[in-house]
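Trainee: pasted the sequence and its predicted model underneath.
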Amino acid sequence: MVLLFGILGCVLDLFGMLILTLPFVFPMTINLGFEPVWFGVFVTILSEIALVTPPIGMNVFIMKNISPEIPMDLQGNSIIHCM
């Protein structure tokens, strides 16, 4: 699931990722005995990490608008080191 969100985060926004994955993944996790609240926390963390991943990472563009003096390639390199 981590790999799935990582790949989808490169090309989709948050809403698209959740609409595509949750109908399939959520029933499987419930049948495996996981708590739905902790699954929601896990999906939230995964989706935020996925939204930062290059090449399209939506949060990278938000960071660029917040701090325009820092070049986008430097922001992208620093994101890769944190992942």
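Mentor: Here it is on my side, so go on.
Trainee: which ones are touching the residue lying closest to T53 once chain neighbours are set aside?
Mentor: Among residues not flanking T53 along the chain, G9 sits closest, at 4.8 Å (C-beta to C-beta, 6 or more residues apart in numbering). (Glycine included, C-beta is placed from N, CA and C.) By C-beta atoms under 8 Å, 6 or more residues apart in numbering, G9 lies in contact with 17, 47, 49-53, 57.
Trainee: what about G9, distance to L32?
Mentor: 23 Å (C-beta to C-beta, to the nearest Å).
Trainee: relative to M63, how far out is the residue lying farthest from the centre of the chain?
Mentor: Ranked by distance from the centre of the chain (C-alpha atoms, centre = their mean), the top residue is E69, with 25.2 Å. Distance of E69 to M63, given as C-beta to C-beta: 12 Å.
Trainee: show me what counts as buried in the longest helix along the chain.
Mentor: The longest helix of the chain (DSSP state H) is helix 14-31. Across helix 14-31, burial judged by 16 or more other C-beta atoms under 10 Å covers 14, 17-18, 21, 25-26, 29.
Trainee: please state the offset of that helix from the chain centre?
Mentor: 14 Å (C-alpha atoms, centre = their mean, to the nearest Å).
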